[in-house]
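>>> need a 3D model of the sequence below.
(one chain, ligands or ions: 1)
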Amino acid sequence: MVRSRIVGTGHYAPEFVLTNEALSKRIDTSDEWIFSRTGIRERRVAREGEHTSDLAVEAAKRALEMAGKKATDVDLIIVGTVTADMPMPASAMLLQAKLGSNAPAFDVSAACAGSIYGLSIADQFIRSGTKRCVLVVGADVLSRVVDWEDRTTCVLFGDAAGAMVMVPETREVGGVYSTHLHGDGSQADILKIPAGGSAFPLSADVLAQGLQYVKMNGREVFKIAVRSLVSAVEEALDANGVAASEVAHIISHQANLRIVESVLDKLSIPMERAIVNIQRYGNTSSASVPVTLDEGVRSGRIHEGDLVVMMAIGAGMAWGSTLMRW
Ligand code: ACO
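Here you go, the predicted structure:
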């Protein structure tokens, strides 16, 4: 069975930078509080009229260019998002049209794990020989679904998109070795946007209660995130007979620097192996992993032959990992 390989990466973040300093003038918070607890200094915020598919198309174009592929070469588009442009159609379809592709396209709802879920789905399609060029995008505009009066959530998130182009691996050694997806729907309540679906359709009453915004039990999320990510990385290493010491780069979902530090400490992997950009973007949900991967590739830090572990967790709770040789 042929493995898959990522041959192109790209990312896009909106121009507007919202710093902790600027936020602390609007709500009761401080740069010191936010940075010491999360590692975040600033985040990007989409401008009015800039939608999830707009961010996605910029990231996708950059990834296709790196891959040396045209939009018409793509035979499947997967977008991980929880902030689609609208409930229907899928943002992946809007992206397809903006790119000038006619590939089948669908969204995956796995919150911050959306890109890992998308990558795993793409990997299955390529391994089975069904698809030969899959575009996986993580794109979210969380600035539209956070309550800017709620200091416990609004300081954490930012807007961005990241993209990966995946094709069959032709090298003897290399590509995606395995992917590992998990979930625990019994934890749905600790991180959610209650309204806007069939449970609580939008109404004046629902809006007055603020149920259209992200609600989170940060402490619970933190505990489950550390536990789940440690076991997901161990699973990826065990599945391939690889020791933690052999891993050259950790591409983690950037939810909170303290989460990444805690996970790597438990795995005895030095923090220098993690590529970190949370200080500039905050938590960009499904965009986080492909944005971080793209920065690692374009900065020249990730070299051909390096072993790379990617890991992410988000609302659901949904989480996963992958091990690949770049
Ligand atoms: N500025 C100043 N004070 C604040 C802020 C803020 N922005 N937010 C909360 N506080 C206050 C609280 O009101 C509380 O005050 P009190 O003691 O007087 O009641 C105090 O700070 C401590 O609040 P905690 O919620 O206990 O703070 P904690 O140390 O747990 O940090 C945080 C909160 C940063 C959210 C942490 O729990 C966390 O990062 N959890 C993980 C959440 C996460 O990553 N979510 C992202 C989505 S899921 C994912 O991607 C994995």
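>>> tell me which parts of this protein are close to the ligand?
29, 33-34, 37-38, 112, 151-152, 155-156, 191, 216, 218-219, 221-222, 225, 253, 255-256, 283, 313-314 (CB under 6 Å from any ligand atom). Every residue, glycine included, has its C-beta placed from N, CA and C.
>>> report the buried members of these.
Buried by 16 or more other CB atoms under 10 Å: 29, 34, 38, 112, 151, 155-156, 191, 216, 221-222, 225, 253, 255-256, 283, 313-314, out of the residues of the chain next to the ligand.
>>> filter the residues of the chain next to the ligand down to the ones in helices?
Secondary structure assignment (DSSP state H) places W33, I34, R37, T38, R151, T152, G218, R219, V221, F222, A225 from those within helices.
>>> which residues in the stretch 1-150 of the chain form helices?
20-26, 31-38, 52-67, 91-99, 114-127 (DSSP state H, counting those that start in this stretch).
>>> quick one: buried residues of the longest one?
Taking 16+ other CB under 10 Å as the basis for neighbour counts, the residues of helix 52-67 that come out buried are 52-64, 66-67.
>>> with the last one instead?
Taking 16+ other CB under 10 Å as the neighbour-count basis, helix 114-127 is seen to contain the buried residues 114-123, 125-127.
>>> which one of those residues is nearest the ligand?
G114 (10.7 Å; CB to the nearest ligand atom).
>>> looking at the stretch 151-300 of the chain, which residue is nearest the ligand?
G218 (2.9 Å).
>>> quick check: R41 touching Q279?
Yes - R41 is in contact with Q279 according to CB atoms under 8 Å; the separation is 4.5 Å.
>>> before we move on, the earlier item: now render the helices of the stretch 1-150 of the chain as JSON lines, adding mean pLDDT.
Output for those, formatted as JSON lines (pLDDT from 0 to 100):
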{"stretch": "helix 20-26", "mean pLDDT": "97"}
{"stretch": "helix 31-38", "mean pLDDT": "97"}
{"stretch": "helix 52-67", "mean pLDDT": "98"}
{"stretch": "helix 91-99", "mean pLDDT": "98"}
{"stretch": "helix 114-127", "mean pLDDT": "98"}
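>>> quick one, strands of the chain?
4-12, 16-19, 42-45, 76-80, 105-108, 134-141, 159-168, 175-183, 191-192, 215-216, 249-252, 307-314, 318-325 (DSSP state E).
>>> quick one, domains of the protein?
4-168, 175-325 (automatic domain parsing).
>>> start and end of the first one, how far apart?
Domain 4-168 stretches 5 Å from its first residue to its last (CA to CA, to the nearest Å).
>>> how far does stretch 178-191 sit from the chain's center?
How far stretch 178-191 lies from its chain's middle: 15 Å, per CA atoms, centre = their mean, to the nearest Å.
>>> and that stretch, what's buried?
S178, T179, H180, L181, H182, G183, Q187, I190, L191.
>>> which ones are touching the second one?
What it means is T179. By CB atoms under 8 Å, 6 or more residues apart in numbering, T179 lies in contact with I116, L119, S120, D123, G320, S321, T322.
>>> please redo it, this time with the cut-off set to 6 Å
S120, D123, T322 (CB atoms under 6 Å, 6 or more residues apart in numbering).
>>> deepest of the strands of the chain, which one?
strand 134-141 (a mean of 33; mean count of other CB atoms under 10 Å).
>>> partners of it, with directions?
strand 76-80 (parallel), strand 159-168 (antiparallel) (DSSP bridges).
>>> can you redo those as a markdown table with distance to P290 and mean pLDDT?
Conversion of these to a markdown table gives the following (distance: least, CB to CB, whole Å; pLDDT from 0 to 100):
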| stretch | distance to P290 | mean pLDDT |
| --- | --- | --- |
| strand 76-80 | 9 | 98 |
| strand 159-168 | 3 | 98 |
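>>> could you dump the ones in helices among the residues of the chain next to the ligand to JSON lines with distance to H11?
Formatted as JSON lines, these follow (distance: CB to CB, whole Å):
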{"residue": "W33", "distance to H11": "28"}
{"residue": "I34", "distance to H11": "23"}
{"residue": "R37", "distance to H11": "25"}
{"residue": "T38", "distance to H11": "20"}
{"residue": "R151", "distance to H11": "28"}
{"residue": "T152", "distance to H11": "27"}
{"residue": "G218", "distance to H11": "26"}
{"residue": "R219", "distance to H11": "30"}
{"residue": "V221", "distance to H11": "24"}
{"residue": "F222", "distance to H11": "26"}
{"residue": "A225", "distance to H11": "22"}
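>>> all good on my end, thank you.
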